[in-house]
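S.K.: sharing a model that was predicted from the sequence below.
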Amino acid sequence: MARRLRPGQLMLNEIHEQPLVLERVWREEGGAVRALARRLRAQRPRAVVLAARGTSDNAALYGRYLIETHLRIPASLAAPSVVTLYGVRVKLRGMVVIGLSQSGRSPDIVRVIESARDAGATTVAITNDPRAPLARAADEVLVLHAGAERSVAATKTYTAQLMLLSLLVAHTAGNSRLIRAHEALPEAVARALQTAPAVADAAALLQRARECLVTSRGYNFATALEAALKLKESSRVVAEALSSADLLHGPIAVVERDFPVIVVAPPGRALGHLWGVLRRLVRRRARTIVLSSAARLLAPATVPVRLPDVAEEALSPHVYIVPLQLLAHHTARLRGLDPDHPQGLRKVTRVL
């Protein structure tokens, strides 16, 4: 007789699988990534459009930052309703359109890829199932190699999507340093899993919170968005993600004494700005959970979560999301919830 799993055990298991998943992506999909990168270098697309929903949409936002900073071409996020509700065929000839869906079965993303291909774009599917409708609709397919993801909350498929996007951009840009830096990611993610004691303290801070803010900037704005999504769907915390730049344009007014704010602050171009934001939050007596490897950022935090150093800022989202996934899990369990089966949610959302 099969042993009954504890609530949240699937999500926790899949969070801990991520170092092995990233190793598999590096080992199994490297050839396909290099071949696609050669095609893109030859094609020299004038722009890239990324189509996704939910967690995959947060990965797509990371891809946008990565493409624009390393390939220096415009990138945008598709609005699937333009195709599915309004029936418009967007002029995409000469562009690349990337559809991201862990299941490959999101009808609206499949439709966007089909429409883009008909419009003359080069289309790419990034999915965990190479036989899914999304894979069949696209010219090229990159596979996540994450294995079955049984928890409703996506974790290992998210970091696999980040890995494929960063590898693809690194190879297309011919950036050998960034390519080599991927080899260290499985170990960095394994070390990020060791933040569990600090994450437990952070979960205790959020246990009775009704709402919180999550903030970062640059590559890790996607991390803030994904963390907020995980907290909402798993823990029922009304978590809002804001770029730290946008936070200062008014929303910081909601931060009063003891208001919880999560700050994602890896070393890099945004660190100085995030230090200034954190100082303002501390002056407002916010209760801060700070993720960083920089001692200066960790010192004033209510709950500091020390992360390992990541050689390239562009790869820090792969590592910094891990303790936030653990935070969503632990907070849900403290609140008596089962993050494997959030109320009213299913693994595959079918929207047109």
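M.R.: Structure received.
S.K.: quick one, strands of the stretch 151-300 of the chain?
M.R.: In the stretch 151-300 of the chain, the strands defined using DSSP state E, counting those that start in this stretch lie at 211-216, 238-243, 260-264, 287-292.
S.K.: mind checking the ones you listed for the one nearest to Pro74?
M.R.: Closest approach to Pro74 among these is made by strand 238-243 (18.9 Å; Cβ to Cβ). (Each C-beta comes from the backbone N, C-alpha and C, glycine too.)
S.K.: output the below-cut-off pLDDT ranges for this structure.
M.R.: 1-3, 344-352 (pLDDT under 70).
S.K.: tell me the domain ranges of it?
M.R.: What automatic domain parsing lists as the domains of the chain is 9-174, 187-334.
S.K.: end to end, how far does the last one reach?
M.R.: Counting by Cα to Cα, to the nearest Å, the length from the leading to the trailing residue of domain 187-334 is 29 Å.
S.K.: distance of the residue nearest the centre of the chain relative to Gly99?
M.R.: Nearest residue to the geometric centre of the chain (Cα atoms, centre = their mean): Ala59, 4.3 Å. Going from Ala59 to Gly99 by Cβ to Cβ, to the nearest Å gives 12 Å.
S.K.: tell me, what's touching these two both at once?
M.R.: By Cβ atoms under 8 Å, 6 or more residues apart in numbering, Ala59 and Gly99 have these common neighbours: Ala52.
S.K.: circling back to that earlier point, okay if I get the strands of the stretch 151-300 of the chain as CSV plus distance to Leu66 and mean neighbour count?
M.R.: Conversion of the strands of the stretch 151-300 of the chain to CSV gives the following (distance: least, Cβ to Cβ, whole Å; neighbours: other Cβ atoms under 10 Å):
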stretch, distance to Leu66, mean neighbour count
strand 211-216, 15, 24
strand 238-243, 16, 20
strand 260-264, 17, 26
strand 287-292, 20, 26
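S.K.: can I get those in CSV with distance to Gly54?
M.R.: Listed next are the strands of the stretch 151-300 of the chain as CSV, based on distance: least, Cβ to Cβ, whole Å:
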stretch, distance to Gly54
strand 211-216, 16
strand 238-243, 14
strand 260-264, 19
strand 287-292, 22
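S.K.: who wins for proximity to Asp340 among the ones you listed?
M.R.: With Cβ to Cβ as the measure, strand 238-243 is the member of those nearest Asp340 (19.0 Å).
S.K.: any idea how far Thr155 is from Gly147?
M.R.: Gly147 sits 12 Å away from Thr155, taking Cβ to Cβ as the criterion.
S.K.: which one of the two has more residues nearby?
M.R.: Each of Gly147 and Thr155 has its neighbours counted (other Cβ atoms under 10 Å); Thr155 has more, 30 against 15.
S.K.: surely Glu312 touches Ile179?
M.R.: No - taking Cβ atoms under 8 Å as the definition, Glu312 is not a contact partner of Ile179, at 10.1 Å.
S.K.: which residues of the stretch 101-250 of the chain fall in helices?
M.R.: Remark: helices assigned in the stretch 101-250 of the chain by DSSP state H, counting those that start in this stretch are 107-118, 133-137, 156-173, 176-181, 185-192, 196-206, 221-230, 244-247.
S.K.: how about CSV for those, with mean neighbour count and distance to Gly94 added?
M.R.: Formatted as CSV, the helices of the stretch 101-250 of the chain follow (neighbours: other Cβ atoms under 10 Å; distance: least, Cβ to Cβ, whole Å):
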stretch, mean neighbour count, distance to Gly94
helix 107-118, 22, 12
helix 133-137, 21, 19
helix 156-173, 26, 16
helix 176-181, 15, 26
helix 185-192, 21, 33
helix 196-206, 19, 46
helix 221-230, 27, 26
helix 244-247, 20, 32
